[in-house]
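[1] quick one, fold the following:
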Amino acid sequence: MTSFTSKKILLPLIVAGGFMFCACNSKQVKEAAESFAQGFADGNADSDEDSTGKTTATEWSVDGNTLTYGRHTYTMQGDFNKEYVSGGKAKVTFTNVPSDYDEFRTVYENLLGKTSYGVSAMLPMAFELWGRNHATGEQCLKLITGGTCYNEIMRQLPDHMVANEHAPAGDGYAQRCLPAAVLEGANKENGYNPTEPYTVNIAIGLPDTWGEDSEMLQAYCYKMNIISGNAWNTTLRPVTVMLPWRGEQLYKVNNCSSLYVNIFVPRQDWNGLK
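    Got it, this is the predicted structure:
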């Protein structure tokens with residue numbers, strides 16, 4: 001295993017965008033500290049300090065359909081990918097939202113980005129990271145999106161997650177708990193607090209929207225549905241992903257507009273995500 005000397009820069013913890021959270025204000029939302037590592041090796045990623053203060057590399061490994069990154073685990077299960085399977089279902093479970101961009105990229109490149117449904121499940125992770133630190137979240141969204149998807153997300157997501165002149169504090173329009181709305185067990189009655197480990201459930205779309213050729217994107221496109229609770233009037237939230245005809249064979253999200261529209265106001269406090 002090759003290792004690199006990493007330099008870690010600790011940044012002050014910041015509240016997402018400096019805005020006040022509103023109706024689903026977290027009691028325990030963890031503010032993220034970014035770290036930037038020089039070099040990246042198979043099985044090694046961002047550095048950290050142990051109890052003695054010595055800098056060590058965060059190790060990760062893949063065993064079948066599970067990736068372990070330090071103490072965090074990510075697992076995917078599904079009976080469909082490129083080929084259409086009638087009634088196909090899939091799910092992705094994870095113990096924690098990635099701590100930073102390096103962890104997010106490791107999970108994407110070495111596990112979840114390799115399946116059509118895996119990359120879809122990274123959207124709530126990226127949204128949550130954006131809520132914690134805008135710059136980190138933007139990096140993550142750029143990594144997993146293609147076409148005009150990133151620009152479309154950034155035109156609308158901020159208005160739905162943080163208070164501004166259009167949604168002042170106390171207005172139910174902006175909901176910081178939006179990323180949790182698609183996680184299993186999260187609903188408006190319990191403040192969108194999901195069960196653990198966190199789970200994203202996905203159902204395959206229609207045959208005529210599976211594996212479509214796109215000359216514009218130069219990719220195959222696949223439309224599926226993330227199964228949500230009762231955050232919206234309809235539980236099936238469409239997501240389209242694409243696989244390039246050439247180059248790196250990692251899926252990217254092409255459309256996910258159903259995930260960043262208004263959710264119903266939570267009736268309890270949101271406790272944040274780990």
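[2] give me the element Ala203 is part of.
    Per DSSP states H and E, Ala203 falls inside strand 198-204.
[3] again, but for Asp102
    Applying DSSP H and E, one finds Asp102 within helix 101-110.
[4] the longest helix in the protein is where?
    Using DSSP state H, we find that the single longest helix of the chain is helix 149-161.
[5] give the buried residues for that one.
    For helix 149-161, burial by neighbour count (16 or more other C-beta atoms under 10 Å) applies to 149-150, 152-154, 157-161. Using the backbone N, CA and C atoms, a C-beta is placed for each residue, glycine as well.
[6] what ranges in the stretch 151-274 of the chain fall below the confidence cut-off?
    163-173 (pLDDT under 70).
[7] which residues of the stretch 151-274 of the chain fall in strands?
    Using DSSP state E, counting those that start in this stretch, the strands of the stretch 151-274 of the chain run over 198-204, 210-214, 219-227, 236-244, 252-255.
[8] could I have the second one exported to PDB, CA atoms only?
    Taking Å, rounded to 0.1, in the frame of the first residue of the first chain, the C-alpha atoms of strand 210-214 are listed here in PDB:
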ATOM      1  CA  TRP A 210     -34.000   3.200 -19.400                       C
ATOM      2  CA  GLY A 211     -30.700   3.200 -21.300                       C
ATOM      3  CA  GLU A 212     -31.900   6.000 -23.700                       C
ATOM      4  CA  ASP A 213     -29.200   7.300 -26.100                       C
ATOM      5  CA  SER A 214     -28.500  11.100 -25.800                       C
END
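[9] tilt between it and strand 198-204?
    80 degrees (axes from the mean of the first three to the mean of the last three C-alpha atoms, to 10 degrees).
[10] only alpha carbons, please: show stretch 263-274 as CSV.
    Extracted C-alpha coordinates of stretch 263-274, given in CSV (Å, rounded to 0.1, in the frame of the first residue of the first chain):
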residue,chain,number,x,y,z
ILE,A,263,-41.2,19.8,1.6
PHE,A,264,-44.0,19.9,4.2
VAL,A,265,-43.1,21.7,7.4
PRO,A,266,-41.8,19.3,10.1
ARG,A,267,-43.9,18.9,13.2
GLN,A,268,-40.9,18.1,15.5
ASP,A,269,-37.4,19.3,15.7
TRP,A,270,-34.8,17.9,13.4
ASN,A,271,-31.8,16.4,15.1
GLY,A,272,-29.4,16.6,12.2
LEU,A,273,-27.5,13.8,10.5
LYS,A,274,-24.3,12.1,11.6
